[in-house]
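Engineer: what shape does this take:
(one chain, ligands or ions: 1)
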Amino acid sequence: MSAPPSAAIGVLALQGDTAEHLRVLRGIGATAVPVTRPGELDQVQGLVLPGGESTAMAKLAERYELLEPLRKRVRAGMPAYGTCAGMILLADRIVDGARDQRTVGGIDMTVRRNAFGRQSESFETGVEIEGLEGGPVDAVFIRAPWVESTGPGVQVLGQTAEGGAAGRIVAVRQGSLLATSFHPELTGDARIHRLFVDIVKGTA
Ligand code: GLN
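Structural biologist: Purely as a prediction, here's the structure:
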C-alpha cells in the first residue's frame, strides 16, 4: 500500500472523546481521521486511542473486528498514542481490569485501572514531561489509571508531583508508542499531540 501524500493520523472512534483529539490534531495542522473499520485503519500512519471506557472500547473493537488488526499494526510498528482508557488499551498487563478484559497491548507495562479513584475524585495538576519545553503540562485526570510498573524498554516521561498520589507514573513512551493517564485533548495544550505527530513523522 502506498502512503497518502500527507501522513494521516487516525483517532479510534468506537467510544470516548474522539472528537476532541480530532480537533487538537487538526488544530496543529495534522490530517486526522476517525477510525472505526479495519479498512480505515489501513489508511493511517499513526493512531490515537482516546479516553473513555476501556472495557467498552475493547468490546466494540472486537465486535467491529478491529482488535486483531489493531494488535497487528501496533506489533508491526505503527505509532500509537493512548490517553487514559487508551493507555489501558496499550498496556501489556492490567490490574483491576474487568474480568477477561482484553487489550491491544504493545507497551511493556502494568497499568492499574481507576487507580486515582472515582469520577468525583477527578483532579487537575501540572505534570512535568521529559523532553517537553515550556513547563508542566496541565493534566486532567478522570477515573484515571496509573502505571504500576514498566519493563526495561519503557521510558518514563512524567510522574505526578503533588497530592496523596505523588510520584505515580502517568506518562510513558516505548519506541513509537506513547501513553498518558491524563487528557491533554481537554486543556488546549497541544504539546503532547505535537510530540506524537513528530513520532509519526519519524522526527521525534
Ligand atoms: N476508568 C476508565 C477505564 O477504565 C478510563 C477513564 C478515562 O478514560 N477517562 O477505561
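
Engineer: what residues does this structure have near the ligand?
Structural biologist: 51-54, 84-85, 88, 113-114, 142-143 (C-beta under 6 Å from any ligand atom). Where C-beta positions appear, they are placed from N, C-alpha and C, glycine not excepted.

Engineer: ranges for the helices of the protein?
Structural biologist: In the chain, the helices defined using DSSP state H lie at 18-27, 38-42, 54-63, 67-75, 85-90, 191-201.

Engineer: could you look over these and pick the most buried one?
Structural biologist: helix 85-90 (a mean of 28; mean count of other C-beta atoms under 10 Å).

Engineer: what helices or strands is that helix leaning on?
Structural biologist: Helix 85-90 sits against strand 46-49, helix 54-63, strand 80-83, strand 107-112, strand 177-180, with contacts defined as 3 or more C-beta pairs under 8 Å, 6 or more residues apart in numbering; DSSP states H and E.

Engineer: right, so of these, which gets closest to Ser149?
Structural biologist: The closest of these to Ser149 is strand 107-112. By C-beta to C-beta, the value is 4.8 Å.

Engineer: now that closest one against helix 54-63, angle please.
Structural biologist: 130 degrees (axes from the mean of the first three to the mean of the last three C-alpha atoms, to 10 degrees).

Engineer: quick check: Glu62 touching Arg102?
Structural biologist: Yes: using C-beta atoms under 8 Å, Glu62 is in contact with Arg102, at 7.1 Å.

Engineer: for the residue most central in space within the chain, list each beta-bridge partner.
Structural biologist: Note on the chain: the residue nearest the mean C-alpha position is Gly82, at 0.8 Å, using C-alpha atoms, centre = their mean. Per DSSP bridges, the residues bridged to Gly82 are Leu49, Ala179.

Engineer: what about it, distance to Gly51?
Structural biologist: 9 Å (C-beta to C-beta, to the nearest Å).

Engineer: wait, doesn't Val11 sit right on Arg26?
Structural biologist: No: here Val11 does not reach Arg26: they are 10.2 Å apart, not a contact under C-beta under 8 Å.

Engineer: now for these two: what residues contact both?
Structural biologist: Common contacts of Val11 and Arg26, defined by C-beta atoms under 8 Å, 6 or more residues apart in numbering, comprise Ala32.

Engineer: brilliant, that's me finished.
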